[in-house]
Structure formats: C-alpha cells, structure tokens
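> No sequence on hand, only this structure:
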C-alpha cells in the first residue's frame, strides 16, 4: 500500500484560497495576516490534517526546540529517572530532550557538549564528569548558552545548579551503623574527580572521626560505577582476615554489585554484613531483607533543573544554586555485628 502524501503549505493555501506566502505566515506566526484569513488558514490546516515541520521552523528562527542532557551514565537508574523527569517537565514548554551520555569521560563530555552546541539547542543540563576540568562549560556560559549543572558541582562555572547534601547523607548512614554497634565500616566509592564521590567520601571520613573511629584505608575500596567492578571490589574487601561488618555503597549500581558479591561469598545481610546504599531504587524493596538507603529527592531534581533552565532561557533572574537534603530510609539491611537484632 502506498503511503499517504503529507499535507503541504501549498495544499493549505489552495484550500483556504490564499497565497502560499500568506498560508506560511499564518501557520508559522510571523508577519501580518488578517484575522479572518488566519482563521481560514488554520481551519483548512486542521481539516486536512497538516502537521508543521518544527525542525524547519526552528532552523528558520535560528534555534532548535531541543534541550540537551549530558548525564554521567544513562544506565545508572538515578540518571535514567532524571532523564524521564526532564522529558516530562519540558513537554509543556514544547521542547524535546536530547540525551548524550559522557560515560564519566571528560573527553567524551567535551565532544557531546560541542555536538549539542552545534545544533544550536536552547540550553544544556549537564552532570559534569569532573569538578575541576570545566573550561568547556565556562565557555558555554560565556557564549550565552543557558546551562544548568545537576548532581555535581563544577568549579568556577557561573551557572545555576541542582545538587543534594551528599556529605550529610553519608554522615547519617555511618552514624546509623555506629549506633548499631559497628566499628569496622567499609565504603565502596567511585572516581574521586567526580564531586559526589568526594563529598560522600568526606561524609564517611567525617562521621568516623566524629565518633572517635580510625579511618582505615583497607576498608575503603575504589570501583567503577558498574555492577561487575563493584563485585570485584566487594570480594576484595570481605576476603580480608578481619573483614568489615558494615558497608556503605555510593550508588544503586554499586549496591546491586555488593549484594551479588556478598551472596557469592555466602554472606547474608544483615546477619553477616550490614548494608546501606546511596540512592533508592526498585531492587532495594524487592530483596529480603529490604535495603536501607540514603534517598535523594530525585522527583524534585529534574523539575527544578528545568525551571532554572527556563529562567536562563528567558533571561529572568540570576544563576541560582539549589541544594536538596537527603533522607535515610531505614529498612531491614542493618543489624548489630554478629547478627544481633537491629536496635
């Protein structure tokens, strides 16, 4: 079967008995068109099922109705949820979302930011792969490109941002372990050039020293933010002669990897090991026991990022920094050392 030919501006002009130029002005909202003529053109377009080419319109106007999003890793459930929320928040503004992951590579981040910039997008929302290597982001702001940074701060970039209290969340998790009698508390975190990793490590160290506990390097493992890499890191931690009794992981992929590693070693949660993960995620409530987590207000992050970006696009207000608190959600994965019941 042959496909139906798309309705063109010429078809609308013929149906409304106006010139093609007049039909184009009425459909695209530029130039002068009399009220009666504009109504006649719009009615003809609706009757024929005309759909305008937004890309062509945007090219004529000099900007694409697109907002670029550069997450660290779109496979991370945290960033996947952020992308979902950004898309939903942008729809009422008639903008589409284009996603290009940096995969936590600063070189790839520069490339995708440059590619999105070449499309003349309306603005960018970026989770920086580095807190310090930010020259390309500074250049964006200097060029007048609306930019909002989420999840991680970036040094010397004068733009709006949406972050959470990572240090406070880690401190609360470690303090909860300590209140349940744990003294050998391990941490698995990712690359320290990512500011969230630095902040969560800082909260871990601060909480231990605040409770009079030593910070032992053997209890801190660095891993890529993947399930496979975390499995290896967790096995190393718990194969030591005097293994940890508690573990904090800094994102949901790492929490999944830690659970798989502990299971492969025959260790149960919380009888043998107590576990807290940073970020809530579906698996956390499907396991037995359910996993205690440091929850970020993910549902608020995307909406706030779009609001701040719209402010920059319309030129209203000054760059604004939003910092949300975290919340410790207590479930069943923390007990006392030796499998005693949780307090």
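Nice, thanks for sending it over. Fair warning: this is a prediction, and the values are worked out from it, not measured in the lab. Residues are numbered from 1 along each chain as shown.
> Run through who's touching stretch 323-330.
Contacts to stretch 323-330, defined as Cβ atoms under 8 Å, 6 or more residues apart in numbering, come from residues 162-166, 168-169, 172-173, 176, 276, 280, 292-297, 300-301. Backbone N, C-alpha and C define where each C-beta goes, glycine included.
> Restricted to helices, list those residues.
Residues of these located in helices (DSSP state H): 166, 168, 169, 172, 173, 176, 300, 301.
> Just the buried ones among the residues you listed, please.
Buried by 16 or more other Cβ atoms under 10 Å: 166, 168, 169, 172, 173, 176, 301, out of those.
> Run a quick neighbour tally on residue 101.
Residues near residue 101, counting by other Cβ atoms under 10 Å, number 20.
> Report the contact partners of the closest residue to it other than its chain neighbours.
Spatial nearest neighbour of residue 101, chain neighbours left out: residue 74 (4.5 Å); criterion: Cβ to Cβ, 6 or more residues apart in numbering. Applying Cβ under 8 Å, 6+ apart to residue 74 gives the contacts 80, 83, 99, 101.
> Can you tell me the element the closest residue in space to residue 299 that isn't next to it in sequence falls in?
Leaving aside its chain neighbours, residue 299 sits nearest to residue 85 (6.6 Å; criterion: Cβ to Cβ, 6+ apart). For residue 85, the host element (DSSP states H and E) is helix 77-90.
> same question, residue 65
Judged by DSSP H and E, residue 65 forms part of strand 64-70.
> beta partners of residue 189?
Beta bridges link residue 189 to residue 222 when assigned by DSSP bridges.
> And the next helix or strand past the helix or strand where residue 231 lies?
Using DSSP H and E, residue 231 maps to helix 227-238. Remark: after helix 227-238, the chain's next helix or strand is strand 246-249, criterion DSSP H and E.
> Contact partners for the residue nearest in space to the middle of the chain?
Note on the chain: the residue nearest the mean C-alpha position is residue 79, at 3.5 Å, using Cα atoms, centre = their mean. Neighbouring residues of residue 79 by Cβ under 8 Å, 6+ apart: 71, 72, 73, 101, 127.
> neighbours of the third one, just the number please.
This means residue 73. Neighbour tally, residue 73, other Cβ under 10 Å: 20.
> Among the buried ones among the ones in helices among the contacts of stretch 323-330, which one sits closest to residue 189?
Closest to residue 189 out of these is residue 166 (10.6 Å), distances taken as Cβ to Cβ.
> so which strand or helix has the residue lying closest to the closest one once chain neighbours are set aside?
Spatial nearest neighbour of residue 166, chain neighbours left out: residue 199 (3.6 Å); criterion: Cβ to Cβ, 6+ apart. For residue 199, the host element (DSSP H and E) is helix 195-210.
> Tell me the helices and strands packed up against that helix.
helix 166-179, strand 185-189 (3 or more Cβ pairs under 8 Å, 6 or more residues apart in numbering; DSSP states H and E).
> What mean pLDDT does the longest one get?
Looking back up the chat, that one is helix 166-179. Taken as a whole, helix 166-179 carries a mean pLDDT of 97.
> between it and helix 195-210, how big is the angle?
40 degrees (axes from the mean of the first three to the mean of the last three Cα atoms, to 10 degrees).
> what bits of the stretch 51-200 of the chain have low per-residue confidence?
Flagging of the stretch 51-200 of the chain using pLDDT under 70 yields the residue ranges 52-64, 192.
> Which one of the ones in helices among the contacts of stretch 323-330 is nearest to residue 9?
Distances from residue 9 to the ones in helices among the contacts of stretch 323-330, taken by Cβ to Cβ, are shortest for residue 301, at 41.3 Å.
> Mind pulling up the pLDDT for that closest one?
95.
> tell me which residues form a beta bridge with the closest residue in space to it that isn't next to it in sequence?
Leaving aside its sequence neighbours, residue 301 sits nearest to residue 162 (Cβ to Cβ, 6+ apart; 5.4 Å). Judged by DSSP bridges, the bridge partners of residue 162 are residue 150, residue 322.
> Now do the same contact list for residue 162.
Neighbours of residue 162 in contact, by Cβ under 8 Å, 6+ apart: 148, 149, 150, 151, 301, 304, 305, 308, 322, 324.
> Likewise for residue 193?
106, 129, 130, 131, 132, 133.
> Go again with 6 Å.
By Cβ atoms under 6 Å, 6 or more residues apart in numbering, residue 193 lies in contact with residue 130.
> Which helix or strand contains it?
Using DSSP H and E, residue 193 sits in no helix or strand.
> Return the distance of it relative to residue 178.
Separation of residue 193 from residue 178 (Cβ to Cβ, to the nearest Å): 29 Å.
> Please apply the same query to residue 188.
18 Å.
> What of residue 187?
Counting by Cβ to Cβ - residue 187 and residue 178 are separated by 14 Å.
> ok, the contacts of residue 79 vs residue 286, which is closest?
Using Cβ to Cβ, the contacts of residue 79 come closest to residue 286 at residue 73, 22.1 Å.
> Please determine how far the closest one is located from residue 22.
50 Å.
> Domains of this protein: list them as residue ranges, please.
9-52, 61-164+297-326, 166-295 (automatic domain parsing).
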